[in-house]
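**Q** Sequence and predicted structure, then a few things I'm wondering about:
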Amino acid sequence: MGRNRYVGSGAESNFIEIDLSFSKENLVDLLKSVVNKTNQYTHQQICNWCDKHYMNEDGLYDEKLQGILEDISAQWDLYLANTFSLKELQQLNFSKVKLPIEWFEGWLKELT
């Protein structure tokens, strides 16, 4: 049997996880840092922080917050898949990828 060429053919580049506990305030701060261009974290780190907390259902007590975490996580994956070819993804330094700032502004607006 042939191996599906898309499965296991690429992986995100390594990154240092954001060491912040989950809270709405921390999410707002992360989003504001991108919008205000003061962020010390890459978009990859922020999206993975959201994904981690979405997968752990840390925001489950707040349906709106959970939905934003889910959207951020999903949009990262969709942006990568829709912007880069498979060959590019295999060689891509994901820490250099930047999502549109307007998306962060929208998520921030939904939270505040």
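**A** That came through fine.
**Q** quick one, helices of this protein?
**A** For the chain, applying DSSP state H gives helices covering 24-35, 43-55, 63-83, 86-91, 101-111.
**Q** now the angle from the second one to helix 101-111?
**A** Angle of helix 43-55 versus helix 101-111, following axes from the mean of the first three to the mean of the last three Cα atoms, to 10 degrees, is 30 degrees.
**Q** cool, the first one as well?
**A** Here helix 24-35 runs at 150 degrees with respect to helix 101-111, directions being taken by the same axes, to 10 degrees.
**Q** Output helix 24-35 in PDB with nothing but the alpha carbons.
**A** Taking Å, rounded to 0.1, in the frame of the first residue of the first chain, the C-alpha atoms of helix 24-35 are listed here in PDB:
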ATOM      1  CA  LYS A  24      -9.700  35.800  29.000                       C
ATOM      2  CA  GLU A  25      -7.400  38.600  30.100                       C
ATOM      3  CA  ASN A  26      -4.300  36.800  28.900                       C
ATOM      4  CA  LEU A  27      -6.000  36.100  25.500                       C
ATOM      5  CA  VAL A  28      -6.900  39.800  25.300                       C
ATOM      6  CA  ASP A  29      -3.300  40.800  26.100                       C
ATOM      7  CA  LEU A  30      -1.900  38.500  23.500                       C
ATOM      8  CA  LEU A  31      -4.300  39.800  20.800                       C
ATOM      9  CA  LYS A  32      -3.700  43.400  21.800                       C
ATOM     10  CA  SER A  33       0.100  42.800  21.500                       C
ATOM     11  CA  VAL A  34      -0.300  41.800  17.900                       C
ATOM     12  CA  VAL A  35      -2.700  44.700  17.100                       C
END
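**Q** Report how many residues lie close to C50.
**A** By other Cβ atoms under 10 Å, the residues close to C50 number 26. Backbone N, C-alpha and C define where each C-beta goes, glycine included.
**Q** ugh, wrong one, Y61
**A** 8.
**Q** Kindly state the pLDDT recorded for K98?
**A** pLDDT, K98: 96.
**Q** and if you look at M1?
**A** For M1, pLDDT reads 38.
**Q** related to what we said a few turns ago, save the helices of the chain as TSV, and put in mean pLDDT and distance to I16 too.
**A** Formatted as TSV, the helices of the chain follow (pLDDT from 0 to 100; distance: least, Cβ to Cβ, whole Å):
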stretch	mean pLDDT	distance to I16
helix 24-35	96	14
helix 43-55	91	7
helix 63-83	93	17
helix 86-91	91	21
helix 101-111	97	20
